[in-house]
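In: next comes the sequence, and after it the predicted model I'd like to discuss.
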Amino acid sequence: MQVRSFDAHTFYEQESEQCIVLLPGLGYLFDRPLLRCARTLALQHGFCVLELSFGALPYDKAKMKESIERCVPLALQRAEAALPLMDGKQLHFIAKSFGTVIAGLLRPQCSDHPAFFLTPLKQTLPMIRETDHVAYGDGDRFLDAQDLQDLAHRNCRKLLCPGADHSLRHPREEVSERYLRKVRAEMERFLDEI
C-alpha cells in the first residue's frame, strides 16, 4: 500500500478499482472512532481510501446549524477539485455529519453506488436512497422530532442507536461501545456488498 498526501487529503492506494471516499464532519475528523473504523475496514477489504478534507471552513461552533449553508459551496468546490484525481476508480462514499451533505450532492455526478451516512444532517435526508446505509442516534441535537420521524419512515438500511448523540455516543460507556460494534458490523456489510 502507498500513502500519499496532496492538498489536505490523504490517499491510501492499493491494487483496487474501488475507492472508499471518507468525508468528515465539521468537527469530527478522520482520527475519530467512526471514520477511523471505516478507513481500517476499507483497507482490510483491499480498497483504496481517500480521506477527503474540506480544509478550513467558515463555521461558528455556537451557530453550527446556520453555518452549514455558508460552508456547503466551499466544501463542495474543494471536493469536486479532488475527485478527478481518482479518475478510473469507482467511488463509494462513507460520510459523517456535514460530510453526508457533500456526499449527497457529489453522488449524482460521480457515483451511482450506495453510500453510508453516519449521523446525517437534515439537509441530507432528501438525498438518502433506498440502497443507502444510515446510522443515527435519537439523541442527536442536529435532528429534531420531525427529522427523526422522516428517517424512521425512510426506506433504506437504518441503524438507530437509542439515546446516542451526534457522535453516536451514549451517556453509558458500555452502550457506546456496543453501538460502535454495531456500526462496525453494518460497515462490514456495506463493504462486503461492493
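Out: Sure thing, it's come through.

In: ok, which stretches of the protein are helices?
Out: Here the chain has its helices, by DSSP state H, at 33-44, 64-82, 98-110, 145-153, 173-192.

In: got a markdown table for these, with distance to K89, mean neighbour count and mean pLDDT too?
Out: The C-beta positions use only the backbone N, C-alpha and C, and glycine is treated the same way. Shown next, in a markdown table, are these (distance: least, CB to CB, whole Å; neighbours: other CB atoms under 10 Å; pLDDT from 0 to 100):
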| stretch | distance to K89 | mean neighbour count | mean pLDDT |
| --- | --- | --- | --- |
| helix 33-44 | 13 | 19 | 98 |
| helix 64-82 | 12 | 15 | 91 |
| helix 98-110 | 10 | 22 | 96 |
| helix 145-153 | 30 | 13 | 96 |
| helix 173-192 | 15 | 15 | 98 |
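
In: dump the ones you listed into JSON lines; add distance to C161 as well.
Out: Formatted as JSON lines, the helices of the chain follow (distance: least, CB to CB, whole Å):
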{"stretch": "helix 33-44", "distance to C161": "11"}
{"stretch": "helix 64-82", "distance to C161": "20"}
{"stretch": "helix 98-110", "distance to C161": "16"}
{"stretch": "helix 145-153", "distance to C161": "12"}
{"stretch": "helix 173-192", "distance to C161": "4"}
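
In: out of the ones you listed, flag the one nearest F54.
Out: helix 64-82 (4.2 Å; CB to CB).

In: would you report the backbone torsion angles of the nearest residue to S167 once chain neighbours are set aside?
Out: Distances taken as CB to CB, 6 or more residues apart in numbering put Y28 closest to S167, at 6.4 Å, once the chain neighbours are dropped. Phi and psi for Y28, reported as degrees, to the nearest 10, are phi -120, psi 100.

In: residues in contact with Y28?
Out: 34-35, 96-97, 167 (CB atoms under 8 Å, 6 or more residues apart in numbering).

In: E66: which of the residues you listed is nearest?
Out: S97 (15.2 Å).

In: wouldn't the closest one be in contact with F117 here?
Out: No - between S97 and F117 there is no contact under CB atoms under 8 Å: 9.1 Å.
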